[in-house]
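> Test case, fold it:
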Amino acid sequence: MWKGNESVEVGIEGTVGTITLQRPFRRNSMDQNLVEGVRKSLLCFADDQKISALVLRGAEPGFCAGSDLKYISEMDIRQISRFEQECGDLGRLIGFIDKPVIAAVEGFAIGGGFTLATCCDLVVSSTDAKWSLPEVPIGWLTPWGISSIINRVGLVEARRLCFGLDSLDGNEARRLGLVDYVTDPGKTTEYATALARRIGELPGPAVKATKRFFSTYAMEKSETMDFEANRLFCENATSSDAQKTFDRFRQPKQARHDV
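Residues are numbered from 1 along each chain as shown. You can find the predicted model right below:
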């Protein structure tokens, strides 16, 4: 059994597999190690016949803050494009495996963390969690996962959200359909795990068929949409506004302690 890595922790509670994002010092933002760790965890749990459903969560202080801008600011545009493609692949992988994945969102789901959660089959959020898509205000289009937002809230509402004018709490996200269940703060993992156990008590073939049916529908246009979003994101990333954002995260070589 895959044991996880320094960015991802895996656990098993009966028939429920748990994947925890473990980069709290970077607000559980996504770098290559985290993306690869989640990908491998999903595939290993998919092959484990004892596991019926999965919970995806983040260590405190929150779920996930999206792409690690400090990490990608050191890349050239082709490397950034490829990394964001891999993030999109991760979102689609959640749909491809035949076991339901439940996102447990505490604290925040920002940018790629927002779309990572909405790619899951069910979403549980604390009432006070912050949901936001800040990409346009910092210079670029959301590069992947927009189709998962459209599937949940519709085209017009998804467009409004992607402009990044507003942030939502868990209750508002639930009202819009981004979130399926809300809980008191600190209770999302417990609630999501209980949901996963309930799913585990249902007839397995019927659960798999239901997931496959809806995933097939959801995936029909997602790869094409992600490809186009990534292309537009790369155009945006070369603009002066985007470069100003990256410059805030770049460090002079002599000041770096992480290279």
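> Residue ranges in this structure under the pLDDT threshold?
By pLDDT under 70, the weakly predicted segments of the chain are 220, 251-259.
> now the helices for the stretch 1-150 of the chain?
Ranges of helices within the stretch 1-150 of the chain are 32-47, 69-72, 77-96, 112-118, 135-138, 146-153, based on DSSP state H, counting those that start in this stretch.
> Can you say which of the ones you listed is packed in most?
Of the helices of the stretch 1-150 of the chain, the one with the most neighbours on average (mean count of other Cβ atoms under 10 Å) is helix 112-118, at a mean of 28. (Each C-beta comes from the backbone N, C-alpha and C, glycine too.)
> Quick one: residues in contact with it.
With contacts defined as Cβ atoms under 8 Å, 6 or more residues apart in numbering, helix 112-118 is touched by 28-30, 56, 58, 62-67, 87, 90-91, 103, 105, 109, 123, 131-133, 142-146, 148-149, 151-152, 178.
> buried subset of these?
28-30, 56, 58, 62-67, 87, 90-91, 103, 105, 109, 123, 131-133, 142-146, 148-149, 151-152, 178 (16 or more other Cβ atoms under 10 Å).
> Among those residues, name the ones in strands.
56, 58, 103, 105, 109, 123, 131-132 (DSSP state E).
> any chance of the residues you listed in a markdown table, plus distance to Phe249?
Converted to a markdown table, those look like this (distance: Cβ to Cβ, whole Å):
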| residue | distance to Phe249 |
| --- | --- |
| Leu56 | 26 |
| Gly58 | 20 |
| Ala103 | 26 |
| Val105 | 24 |
| Ala109 | 20 |
| Val123 | 29 |
| Trp131 | 22 |
| Ser132 | 18 |
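> Grab the two from these that are most spread out in space.
Leu56 and Ser132 (18.8 Å; Cβ to Cβ).
> Hmm, Gly170 and Pro128 touching each other?
Actually, residue 128 is Asp rather than Pro. Yes: counting by Cβ atoms under 8 Å, Asp128 does reach Gly170; the two are 6.5 Å apart.
> So for the two, which sits in the more crowded spot?
Neighbours were counted for Asp128 and for Gly170 using other Cβ atoms under 10 Å; Gly170 has more, 27 against 15.
> The more buried one - nearest residue in space that isn't next to it in sequence?
Spatial nearest neighbour of Gly170, chain neighbours left out: Ser125 (3.8 Å); criterion: Cβ to Cβ, 6 or more residues apart in numbering.
> gap between the one you found and Tyr181?
With the distance defined as Cβ to Cβ, to the nearest Å, Ser125 ends up 8 Å from Tyr181.
> Identify the contacts common to the two.
Common neighbours of Ser125 and Tyr181 (Cβ under 8 Å, 6+ apart) are Arg174.
> okay, the two: which has more neighbours?
The residue with more neighbours, out of Ser125 and Tyr181, is Ser125; 32 against 16, by other Cβ under 10 Å.
> dump the residue contacts of Val182.
124-127, 170-171, 174.
> of all the ones in strands among the buried ones among the contacts of helix 112-118, which comes closest to Tyr217?
Val123 (17.6 Å).
> right, and that closest one touches Asp180 too?
Yes: using Cβ under 8 Å, Val123 is in contact with Asp180, at 5.2 Å.
> which residue sits closest to Ser126, ignoring its sequence neighbours?
Using Cβ to Cβ, 6+ apart, the closest residue to Ser126 is Pro185 (4.4 Å).
> Glu157 now?
Leu176 (6.2 Å).
> ok, that neighbour - contacts?
Counting by Cβ under 8 Å, 6+ apart, Leu176 has contacts 152-153, 157, 168.
> Reformat the residues you listed as CSV; add distance to Val38.
Formatted as CSV, these follow (distance: Cβ to Cβ, whole Å):
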residue, distance to Val38
Arg152, 20
Val153, 24
Glu157, 27
Leu168, 24
